[in-house]
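*Asks:* Next one to model:
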Amino acid sequence: MNTSSDSKKPLLPEHVQLPTSPSSSSDNTFATPPSFEQSQASIHALLERIPNDDDEAVVQSLKGDEAEALLPPDFSEYQAEYSTNAGNIKSHDKHLNEDGEALYRFLLSKASIRPTLYLRCNASHEEWHTRQITRYVDGRSVTSTETYSEKVTDFDFTIDISDAILPAPRTGAPIWLAGDKNATYRGGRQLEVDSAPTMVTDVDGHPVSMDLEAGESWGKRRSWRRKATKLEKEASAAWKKRREDGGYAPWVLIRGMIRGTEACVEPEGVRLQLQHATNDQAHLADDSDILPPTKTLREWADEYCDSKRLLKEFTFEKVVYGWNFGSLRQAMENTIRANYAHSTKPNISFDIEGSMISVRPCTWYSRMLSRPWVFFLLCITLIYPLFIWPFKRFARRGGGEWRAAGSAFALTTYNHLADSIPGESVDEYRQRTNTTLIDAGSSAEFKILKATPRGVAELVGQREGQWFAQWEDTIAGFVRQRYISSVPVSGPLGTFRTAGIGLDGYYPGV
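*Replies:* Okay, here's the model as predicted:
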C-alpha cells in the first residue's frame, strides 16, 4: 500500500469497536489490526446511524443510551414558587435563596410585567350636630343637649391610568441599580452607601492621602460600604421626592443633586438608548451620561444568596416615570376646589400596585412573619417588639435587607429615529424626510421631535396634559355628584376642559 493512499485514510473514533481478526487466538496478547476495508466499513455503519438536519426519524428509531448520546440535554427554566397580593410578588423558594443565577433569572422574568398605576381622590369634612338625651336620675327624667361631630365623606373615587404606561421594549424593561452615593439598604439593617467618606482614613482611623499613587492601592485600604451619614440620608430622600414629583427616571441626574446619587443602568446598549430620552419641559434633568453600575444585578443576587442572615430579604422595585406628577396633582386640586363646597384639602395620590418583588428565606419563622394576621398577633402580644425586632435589628445573623435594584416603565419617552443623521437639527430632519401632520384623534399636531447627539428623537406616549384634558370634566362631575366607589374607573366621560393650562400637552377646548 503506497504512502499517498495511507495519508487519505480517515482517523477512527475512539468509541468505535473495531472487528478483531479471525486469526486472533486467546494465547495472543494483542489482536491482529483490522484491514483498511474492514475499518472503513465500520465507519460507514456508524455514520449511517448519526442523524442529520433532514432526517429526524433516525433519532426516533434509536432507543436508550444510543438516543441520549446523540441528542443534546434537555433544558428547562426553573419555576420558582411564589404568591401574589395586589400584584406584588413574594417568594420563599429555597432555591432562590441558594443560587444567585436562579434568583437573577427569576427577577428578570418578572421585571417586565407592567405594574398598575392608580389615581386616588377623596375628601371629607366634619359636621357638628346636636341631640337631646334623656337620662333617669333618682327616679326623675333629665333631658340634656349634647353636641357631637360626624365625619362625612364627600367623594372617594379611583382612576386607572395603567393604559397610559408604555409597554416594555423587546429587550425587556430597563434594569436600574442604586447609585453608590444613594443611601439605601445594601444587605444591612441601616441605610448604607458604597462611596468613600469625605475624610478618608485608614483602618486605624488615621487620615490618608487621596492620591492613589501614595501608599497602598485604593482597594486594599478599606471597603467603602458604610453607614450613610445624616446629610447623605437627607440628600437621598430629597432626590427621591423630587424624582417622584417630577416623574424622572431613576437614572436621571436632577439639577442640584450630587453626582452618584442617581441610579445606574447595566447593559451599555440600554444606556445608549436611554440617553437624551427624558421628556423634561423644565430642563432640570441631565441624562446625557448614564453611569454603569459598580455591581450588576447578578452580583447583588449572589451577595444575597451568600448571606447567612436568617431574616434577610431582597426587594426589587418597579417605578413609573414620564409625567410631572406634581404639576398634575396641582391641576387636579384646582379642578376639585372649583367644584367642592368645603375648604378641606382633598387627598390626591398616585399609587402603584404590583411594583414589588420580594424574596425571603424558606424558613418557618420567615414564612410566619410574612403572614399579616400572624404578624398582627405577634405585635399585640408584644412578642415581635420585645424579642423578634431586637434579634432582627441587632443580632449578627438577624435581619438584612437589599433594596438596590428595580425596573422602570415609561409614560412618555423619546425614541431615536433610525432614519435620522447624527448632528442634524429637527428642521433639517423635517425637510429631509418631509414629515407632515399626523392624525391625533379629532385634531392634528406636529410630531414632537428633539435633536440629540445620535440624531433626532420622537416623543412617544400620552403626556399628562393630554390625559388631564380627557379627564377634567369627569373628575369635576365626580366631585359635584359626591361619587363614592371602590371600583376603579377606566374611561373618561367629560369633554369641556378649562383648568389644565401649563401642563405639557394640554390644549383647552380640543
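*Asks:* Can you give the domain ranges for the protein?
*Replies:* 3-70, 89-191+228-412+461-510, 197-223, 414-460 (automatic domain parsing).
*Asks:* Out of these, which gets nearest to Glu77?
*Replies:* domain 89-191+228-412+461-510 (6.7 Å; C-beta to C-beta). Every C-beta, even on glycine, is put in place using the N, C-alpha and C of the backbone.
*Asks:* Rank the helices and strands of this protein by mean pLDDT and give me the bottom one.
*Replies:* Ranked by mean pLDDT, DSSP states H and E, the weakest helix or strand in the chain is strand 443-445, scoring a mean of 39.
*Asks:* Quick check: what element follows it along the chain?
*Replies:* The element immediately downstream of strand 443-445 (helix or strand, assigned by DSSP states H and E) is strand 449-452.
*Asks:* buried stuff in that following strand?
*Replies:* Leu449, Ala451, Thr452 (16 or more other C-beta atoms under 10 Å).
*Asks:* what sits against the first one?
*Replies:* Each residue near Leu449 by C-beta atoms under 8 Å, 6 or more residues apart in numbering is listed here: Leu417, Val426, Tyr429, Arg430, Thr435, Val456, Ala457, Glu458, Leu459.
*Asks:* By pLDDT, give me the weakest of those residues.
*Replies:* Checking pLDDT across the contacts of Leu449, the minimum falls on Thr435 at 53.
*Asks:* quick one on the thing from earlier: could you identify which of the domains of the chain is most buried?
*Replies:* domain 89-191+228-412+461-510 (a mean of 17; mean count of other C-beta atoms under 10 Å).
*Asks:* and it, how far from the chain's centre?
*Replies:* 12 Å (C-alpha atoms, centre = their mean, to the nearest Å).
*Asks:* Show me what the mean pLDDT comes to for that domain.
*Replies:* Per-region confidence: domain 89-191+228-412+461-510 scores 90 on mean pLDDT.
*Asks:* So for the protein, which residue is the most central one in space?
*Replies:* Ser407 (2.1 Å; C-alpha atoms, centre = their mean).
*Asks:* Assumed that one was part of a helix.
*Replies:* No - assignment of Ser407 by DSSP: H, G, I helix; E, B strand; the rest coil gives strand, placing it outside any helix.
*Asks:* of all the domains of the chain, which lies closest to Gln79?
*Replies:* Nearest of the domains of the chain (C-beta to C-beta): domain 89-191+228-412+461-510, 9.3 Å.
*Asks:* all helices for the stretch 201-350 of the chain, in order.
*Replies:* Here the stretch 201-350 of the chain has its helices, by DSSP state H, counting those that start in this stretch, at 218-221, 230-246, 268-274, 297-306, 325-338.
*Asks:* which other residues reach the last one?
*Replies:* When contacts are taken as C-beta under 8 Å, 6+ apart, the neighbours of helix 325-338 outside the stretch itself are 119, 121, 123, 244-247, 345-346, 348, 350, 464, 467-468, 472, 475-476, 479, 499-500, 502-503.
*Asks:* Model confidence score at Glu216, please.
*Replies:* Glu216 is given a pLDDT of 45.
*Asks:* Which of the domains of the chain sits closest to Ala80?
*Replies:* Using C-beta to C-beta, the domains of the chain put domain 89-191+228-412+461-510 closest to Ala80, at 4.2 Å.
*Asks:* Could you check which helix or strand contains the closest residue to Ile161 other than its chain neighbours?
*Replies:* In space, and not counting its chain neighbours, Ile161 is closest to Leu117: 4.5 Å by C-beta to C-beta, 6 or more residues apart in numbering. In this structure, Leu117 sits in strand 116-137 according to DSSP H and E.
*Asks:* Which elements pack onto whichever helix or strand comes after that strand?
*Replies:* Counting by DSSP H and E, the element after strand 116-137 in chain order, helix or strand, is strand 140-160. Packed against strand 140-160 by the contact rule (3 or more C-beta pairs under 8 Å, 6 or more residues apart in numbering; DSSP states H and E) you find strand 116-137, helix 464-480.
*Asks:* give me that answer again for 10 Å
*Replies:* Where contact means 3 or more C-beta pairs under 10 Å, 6 or more residues apart in numbering; DSSP states H and E, strand 140-160 is packed against strand 116-137, helix 325-338, strand 347-353, helix 464-480.
*Asks:* Switch the ones you listed over to JSON lines; also include distance to Arg189.
*Replies:* Listed next are the helices and strands packed on strand 140-160 as JSON lines, based on distance: least, C-beta to C-beta, whole Å:
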{"stretch": "strand 116-137", "distance to Arg189": "31"}
{"stretch": "helix 325-338", "distance to Arg189": "31"}
{"stretch": "strand 347-353", "distance to Arg189": "26"}
{"stretch": "helix 464-480", "distance to Arg189": "38"}
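*Asks:* now for those, which one comes closest to Pro361?
*Replies:* strand 347-353 (25.3 Å).
*Asks:* Neighbouring strands of that closest one in the sheet, and parallel or not?
*Replies:* Here strand 347-353 is paired, per DSSP bridges, with strand 116-137 (antiparallel).
*Asks:* can you state the direction angle for the partner strand and strand 140-160?
*Replies:* 180 degrees (axes from the mean of the first three to the mean of the last three C-alpha atoms, to 10 degrees).
*Asks:* relative orientation of strand 116-137 and helix 325-338 in degrees?
*Replies:* Angle, strand 116-137 to helix 325-338, by the same axes, to 10 degrees: 40 degrees.
*Asks:* wait, doesn't Leu191 sit right on Ala235?
*Replies:* No - in this structure, Leu191 is not within contact of Ala235 by C-beta atoms under 10 Å, at 11.3 Å.
*Asks:* so what's in contact with those two at the same time?
*Replies:* Common neighbours of Leu191 and Ala235 are listed as Asn182, Ala183, Ala228, Thr229 (criterion: C-beta atoms under 10 Å, 6 or more residues apart in numbering).
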